[in-house]
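Trainee: below are the sequence and a predicted model for it; my questions follow.
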Amino acid sequence: MDIIFYHPTFDTQYWLKALLTALPGARVREWKRGDNQPADYALVWHPPVEMLQGRDLKAVFALGAGVDSILSKLKAHPDMLADNIPLFRLEDTGMGEQMQEYAVSQVLHWFRRFDDYQALKQQARWEPLTDYQREDFTIGILGAGVLGSKVAEALAPWGFPLRCWSRTRKDYPGITSFAGADELSPFLQGTRVLINLLPNTAETVGIINRGLLNQLADNSYVMNLARGVHLVEADLLKALESGKLKGAMLDVYSKEPLPPESPLWAHPRVAMTPHVAAVTRPAEAVSYIARTITHLEQGESVTGRVDRQRGY
Ligand SMILES: NC(=O)C1=CN([C@@H]2O[C@H](COP(=O)(O)OP(=O)(O)OC[C@H]3O[C@@H](n4cnc5c(N)ncnc54)[C@H](O)[C@@H]3O)[C@@H](O)[C@H]2O)C=CC1
Ligand SMILES: O=C(O)C(=O)CO
């Protein structure tokens with residue numbers, strides 16, 4: 001079995017070695033321009049079109065959870081990957097735990113008013129504030145898939161009212177499930193902390209806009225952990241100014257790296273991280289990919305296949 005690997009920034013040598021260890025007998029190589037030799041599987045992130053074009057592969061593995069960039073490249077170059085070649089993405093592989101850490105720590109930061117205390121500290125003001133009540137702190141998670149459900153699971157023991165919104169209804173203990181476009185408004189009404197973990201598709205791009213933000217409770221918070229294109233940044237800034245929103249925690253941006261002139265940098269109530277909410281953990285990813293390849297080779301069922309029509 002031949003495996004080709006391409007990632008613009010990862011430590012390729014580590015991956016090649018780890019894949020060889022996990023799949024003894026496989027031949028694994030870094031793909032370089034001009035390499036047209038046959039391969040069975042391709043492991044990629046932001047691959048050049050020529051790497052995949054015309055290849056008769058058994059499967060392609062995206063080295064991340066979101067496949068929006070590869071699907072948009074496929075739209076521009078439909079011959080890059082034949083329709084019958086399955087595309088897989090990473091399911092969790094340690095990202096769930098990272099999203100849990102991120103979301104829980106930020107929710108508690110807001111709930112315990114550390115944002116307010118930080119602002120008071122900068123003015124040298126000693127001023128105990130009124131506690132927030134859990135019942136006024138409903139958390140709504142947009143997207144209840146692999147990562148959204150993990151985040152919900154980690155928040156559940158803290159006792160906040162929890163709800164999620166997804167395409168189809170979920171049955172997660174202690175979490176109110178809203179499904180489909182018709183239930184987006186009821187989901188938003190009363191939500192105090194909105195956490196976005198949707199995939200980037202034609203249906204979700206720009207979803208966090210003025211109309212959506214206006215339906216949240218007053219003094220709400222937004223955490224965008226999915227993709228920058230979900231959020232209309234100008235509408236977020238306006239909602240912060242109007243008082244509709246109290247704060248935002250952003251990991252992803254309309255343009256990455258975020259340009260220095262973006263007003264988000266200087267905004268006192270916008271906290272930011274540079275697209276690090278959950279990164280690919282090599283050892284866990286290799287073991288998921290090796291397991292999936294082994295199952296595929298044995299004709300067994302696997303999970304993680306992207307539905308290219310649906311867009312995620
Ligand atoms: N900031 C970061 O570091 C990272 C961001 N991500 C982002 O997180 C996203 C989510 O990842 P997973 O949970 O693994 O995806 P998933 O595919 O398991 O879950 C997606 C969820 O969104 C829902 N959904 C999709 N379209 C919808 C629509 N039109 N209306 C209502 N619900 C809809 C689905 O029903 C599902 O519940 C990824 O696509 C990626 O963009 C992923 C990893 C790291
Ligand atoms: O895996 C993904 O989709 C990411 O965004 C990694 O940071």
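Mentor: All right, it came through fine. Remember, predicted model here, so these are calculated numbers, not experimental data. Ligands and ions are numbered 1, 2, ... in the order given.
Trainee: the spatially closest residue to residue 297 that is not a sequence neighbour: neighbouring residues, count only.
Mentor: Residue nearest to residue 297 in three dimensions, not counting chain neighbours: residue 1, with 7.3 Å by C-beta to C-beta, 6 or more residues apart in numbering. Glycine gets a C-beta too; all of them are placed from N, C-alpha and C. For residue 1, the neighbour count with other C-beta atoms under 10 Å is 13.
Trainee: distance check, residue 1 against ligand 2.
Mentor: Using C-beta to the nearest ligand atom, to the nearest Å, residue 1 is found at 25 Å from ligand 2.
Trainee: wait, what's in contact with residue 273?
Mentor: Listed by C-beta atoms under 8 Å, 6 or more residues apart in numbering, the contact partners of residue 273 are 102, 249, 250, 251.
Trainee: and with 10 Å instead?
Mentor: Neighbour list for residue 273: 102, 106, 225, 249, 250, 251, 252 [criterion: C-beta atoms under 10 Å, 6 or more residues apart in numbering].
Trainee: tell me how far the residue nearest to residue 297 lies from residue 39.
Mentor: Separation of residue 1 from residue 39 (C-beta to C-beta, to the nearest Å): 9 Å.
Trainee: can you list residues touching both of the two?
Mentor: Common neighbours of residue 1 and residue 39, using C-beta under 10 Å, 6+ apart, are 27, 28, 58.
Trainee: residue 26 reaches residue 5, doesn't it?
Mentor: No: the pair residue 26 and residue 5 fails to qualify as a contact (C-beta atoms under 10 Å) at a distance of 11.1 Å.
Trainee: what is in contact with the two at once?
Mentor: Shared contacts of residue 26 and residue 5, counting by C-beta under 10 Å, 6+ apart, come down to 19, 41.
Trainee: tell me which of those two has more neighbours.
Mentor: Just comparing residue 26 and residue 5: by other C-beta under 10 Å the higher neighbour count belongs to residue 5, 22 against 15.
Trainee: the nearest residue to the more buried one once chain neighbours are set aside: which element?
Mentor: By the measure of C-beta to C-beta, 6+ apart, the closest residue to residue 5 outside its immediate chain neighbours is residue 43, 4.8 Å from it. In the assignment (DSSP states H and E), residue 43 maps to strand 41-44.
Trainee: same check, this time on residue 249
Mentor: In this structure, residue 249 sits in strand 245-250 according to DSSP H and E.
Trainee: do the same with residue 239
Mentor: Residue 239 belongs to helix 233-242, assigned by DSSP H and E.
Trainee: now for that helix, which elements pack on it?
Mentor: Applying 3 or more C-beta pairs under 10 Å, 6 or more residues apart in numbering; DSSP states H and E, we find helix 233-242 packed against helix 210-213, strand 220-224, strand 245-250, strand 270-272.
Trainee: for residue 152, which of those is the nearest?
Mentor: Between residue 152 and the helices and strands packed on helix 233-242, the shortest gap by C-beta to C-beta is with strand 220-224, which sits at 13.2 Å.
Trainee: report the inter-axis angle for the helix holding residue 239 versus strand 220-224.
Mentor: Angle of helix 233-242 versus strand 220-224, following axes from the mean of the first three to the mean of the last three C-alpha atoms, to 10 degrees, is 160 degrees.
Trainee: next, count neighbours for whichever residue of the stretch 1-150 of the chain sits closest to ligand 1.
Mentor: Residue nearest to ligand 1 within the stretch 1-150 of the chain: residue 145 (1.8 Å; C-beta to the nearest ligand atom). For residue 145, the neighbour count with other C-beta under 10 Å is 18.
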